[in-house]
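[1] Here is my input; please provide its structure:
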Amino acid sequence: MLEIKNIFAGYGGNEILKDVSMDVKNGEIIAIIGPNGAGKSTLLKSIFNLCQVNSGKIIFDDKDITKLPTHDLIYEGISFVPQGRQVFSDLTVKENLEMGAFIIGEKEVVDRNLKMIYGFFPFLKERENDYAYTLSGGQQQLLAMGRALIQDPKLLLLDEPSLGLSPKAMKEIFDKVIEISKKGVTIIIVEQNAKAAVSIADRTYVLEGGKIGLTGGKEILKDKRVKNIYFGGE
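    Below you'll find the model as predicted:
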């Protein structure tokens, strides 16, 4: 579904990613882990054209999307949930979800997708008329995910979805990621909580200093090189 070929990317003159290559198969959950400053969020932003890709290519469904504007990427079937539970606080839950459906022209499709989201997240239906700021942190994160999913994407990019959440809320987030994946959505998740991310992922890429340091399956956390990458120890 997605192939990243020798990407160099960053912000202005500051190059963060250095010759990064990876592939994502249809239906996979791919985890991106690594220490702070390794370039994890930049990797997602390079896919969604929110940073400067200086060289390399990003291929999605056999189409070169490297320089495609972000709004066009949404039409291609890619949705992005940034870190920090970014919701429209002064809009209701339903209005937040409808904001995510701006690319859908037909009301019937919006209503159908809204029903789908309420199926994923029943509490959003119960609180559809409540303002987003009244939700807990975990609920706001699920609302942000719902807003991205209402576009019915092929690929969902999640940037630190558990950031700042309680263990209980974090577990709910990861349970929902698994549930979403089972519905056929391919997912790339960037996470500081390496253990939780690897536990749900089909494959994991470890970033170190803007480069892929290691890749593997669920056994990857037992690799001594992961400890070296995170802590610089033996």
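[2] Report the buried residues of stretch 25-45.
    28-35, 38-45 (16 or more other Cβ atoms under 10 Å). C-beta: built from backbone N, CA, C; applies to glycine.
[3] Against residue 162, how distant is residue 216?
    Going from residue 216 to residue 162 by Cβ to Cβ, to the nearest Å gives 21 Å.
[4] ugh, typo on my part, it should be residue 22
    For residue 22 relative to residue 162 (Cβ to Cβ), the value is 22 Å.
[5] Neighbour count: these two, which is higher?
    Under the criterion of other Cβ atoms under 10 Å, the comparison of residue 22 against residue 162 puts residue 162 first, with 24 against 18.
[6] for the helix of greatest length in the chain, packing partners?
    Ordering each helix of the chain by length in residues (DSSP state H) puts helix 167-182 first. Secondary-structure packing of helix 167-182 (3 or more Cβ pairs under 8 Å, 6 or more residues apart in numbering; DSSP states H and E): strand 29-33, helix 107-120, helix 137-149, strand 186-190, helix 194-200.
[7] same thing but at 6 Å, please
    helix 194-200 (3 or more Cβ pairs under 6 Å, 6 or more residues apart in numbering; DSSP states H and E).
[8] which helices and strands sit right next to the helix it packs on?
    Looks like helix 194-200 contacts strand 29-33, helix 167-182 (3+ Cβ pairs under 6 Å, 6+ apart).
[9] low-confidence ranges in the chain?
    The model of the chain has pLDDT under 70 over residues 231-234.
[10] same for the host helix or strand of residue 9, what does it pack against?
    Residue 9 belongs to strand 2-11 when assigned by DSSP states H and E. Secondary-structure packing of strand 2-11 (3+ Cβ pairs under 6 Å, 6+ apart): strand 14-24, strand 52-60.
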